[in-house]
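*Asks:* here are the coordinates; sequence isn't available:
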């Protein structure tokens with residue numbers, strides 16, 4: 001478990017930029033964005049080789065103990081041992097995930113009006129976090 005941020009206050013029109021280093025022997029890492037640890041609007045999980053997925057990004061939402069339907073992206077711009085910059089742009093009805101050379105949107109299933117919570121887990125070391 002990496003750092004946990006609370007009271008971010010991210011609203012539509014704002015974005016969060018995460019920079020960090022991926023472990024050389026990475027299997028997967030996670031970034032969670034939501035209201036708190038129990039209400040996750042976006043569970044972002046790049047998997048190098050985990051849970052039967054290889055080089056796949058799995059996204060989901062979580063309401064208390066209930067996970068939603070998994071969304072998979074097969075574009076995988078991550079390298080073991082590399083550094084990465086990911087930006088999450090909050091929109092009215094979804095979150096746009098900006099990756100190196102690729103972007104996609106994930107619906108705001110919980111209809112969160114503000115994203116206050118962010119954490120990272122797994123084979124990833126957070127180097128910087130900025131929001132505007």
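*Replies:* In hand now; what should we look at? Computed from a predicted structure; not experimentally measured. Residues are numbered from 1 along each chain as shown.

*Asks:* mean confidence for stretch 112-120?
*Replies:* Averaging pLDDT along stretch 112-120 gives 97.

*Asks:* need the distance between the two termini of it.
*Replies:* Taking Cα to Cα, to the nearest Å, stretch 112-120 runs 20 Å from one end to the other.

*Asks:* who touches the host helix or strand of residue 35?
*Replies:* Element membership for residue 35 (DSSP states H and E) is strand 29-36. By Cβ atoms under 8 Å, 6 or more residues apart in numbering, the residues outside strand 29-36 that reach it are 6, 10, 16, 18, 22-23, 40-46, 62, 86, 88, 95, 110, 112, 114-124. C-beta here means a position set from N, CA and C on the backbone, and glycine is covered the same way.

*Asks:* what ranges do the strands span in the chain?
*Replies:* Taking DSSP state E to define them, one finds strands in the chain at 4-5, 15-22, 29-36, 39-50, 53-63, 66-67, 71-73, 83-90, 94-99, 102-107, 117-122, 124-131.
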